[in-house]
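J.: have a look at this prediction, sequence included:
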Amino acid sequence: MNLTIDEVSRLLKLPVSTLQRWIRQGKIPVYKSKGGYVFLEKDLKRWAESHHIVFASESSQPVRRNSAQTCSLLLAMKKGGVLHGVGGNDVSRVLKAVVKAAPLDPSIDRNELFVRLIEREELSTTGIGNGVAIPHPRSPLENAPLEPCITTCFLNTPVNYGAIDAIPVFVLFLMLSPSPKIHLRLLAKLSHLLRNSSFVDFLRGKPSASDLFAMVDEMETGIDMAYRPSRPRSGLLR
């Protein structure tokens, strides 16, 4: 079955502009035709599956996935990695050091990313309190990877980040997402963890990557379980 770009936009729940950008970058399977671009449903389904993107077929019931599959905080943090000993004595220098050292996708322009991060901080600080900041571009980068990543960055020395509680920031979570929808889902999960004082205390110890990922895995599983629709046990219906 052939699909138009508008149909694919509805099926993937993504803006047409995002799809057009991915077409230019060769990141999504598509074929040229006299009338423009054509997507083959079977190819698109395989592509969506490999990139953990929900594909809601118009000819069947929407594909439903566990939220941990479609927007995994753990996978995003593993992709972004962990940096220890990040230097800098102000927001600009810290972000410059983070952008330089982060294991970013080769397609990302680091200079552009740094400018976009500074623009976001000038709009309003991403310091959320308790010594934590979550820097991110105001909108997805033009060449953003299809998979989100979150780089955890432990600073050498806490920095005044202009947070509302005035507590200097000791850890940053650099978030890069392919779409606002994915960004908001990951931000909600990360914020949930950061509201746990025990988790913040754990972060103050500057844990290793393996210890951090193990903790996030455990806590994210708890979040997914808490929000999973409950099912009545058989035999208990009246």
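T.: Good, I have the coordinates.
J.: CA only for contacts and neighbour counts going forward, please
T.: Will do.
J.: distance from the chain centre to stretch 185-199, please.
T.: The chain centroid and the centroid of stretch 185-199 are separated by 13 Å under C-alpha atoms, centre = their mean, to the nearest Å.
J.: list the buried ones in the longest helix that the chain contains?
T.: Assignment by DSSP state H gives helix 209-227 as the longest helix of the chain. Buried residues in helix 209-227, counted by 16 or more other C-alpha atoms under 10 Å: 209, 212-213, 215-217, 219-220.
J.: make TSV out of those and add pLDDT and distance to Val94.
T.: Formatted as TSV, those follow (pLDDT from 0 to 100; distance: C-alpha to C-alpha, whole Å):
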residue	pLDDT	distance to Val94
Ala209	96	20
Leu212	97	21
Phe213	96	23
Met215	95	26
Val216	95	24
Asp217	93	27
Met219	92	28
Glu220	89	28
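J.: how about the residues you listed in JSON lines, adding distance to Val159?
T.: Shown next, in JSON lines, are those (distance: C-alpha to C-alpha, whole Å):
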{"residue": "Ala209", "distance to Val159": "22"}
{"residue": "Leu212", "distance to Val159": "22"}
{"residue": "Phe213", "distance to Val159": "25"}
{"residue": "Met215", "distance to Val159": "25"}
{"residue": "Val216", "distance to Val159": "25"}
{"residue": "Asp217", "distance to Val159": "28"}
{"residue": "Met219", "distance to Val159": "27"}
{"residue": "Glu220", "distance to Val159": "28"}
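J.: any idea how this structure splits into domains?
T.: Here the domain parsing of the chain from automatic domain parsing is 2-65, 69-226.
J.: surely Val94 meets Lys100?
T.: No: counting by C-alpha atoms under 8 Å, Val94 stays clear of Lys100, with 9.9 Å between them.
J.: more neighbours: the two, which one.
T.: Per other C-alpha atoms under 10 Å, whichever of Val94 and Lys100 has more neighbours is Val94, with 20 against 13.
J.: now do the contacts for the more buried one.
T.: The neighbours of Val94, taking C-alpha atoms under 8 Å, 6 or more residues apart in numbering as the test, are 86-88.
J.: how about the helix or strand where it lies as CSV, C-alpha atoms only?
T.: Taking DSSP states H and E as the criterion, Val94 maps to helix 91-101. In CSV, the C-alpha atoms belonging to helix 91-101 read as follows (Å, rounded to 0.1, in the frame of the first residue of the first chain):
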residue,chain,number,x,y,z
VAL,A,91,27.1,28.3,32.5
SER,A,92,28.6,29.2,29.1
ARG,A,93,31.9,27.4,29.8
VAL,A,94,30.2,24.4,31.3
LEU,A,95,28.0,24.0,28.3
LYS,A,96,30.9,24.4,25.9
ALA,A,97,32.8,21.7,27.7
VAL,A,98,29.7,19.4,27.7
VAL,A,99,29.1,19.9,23.9
LYS,A,100,32.8,19.2,23.2
ALA,A,101,33.0,16.0,25.2
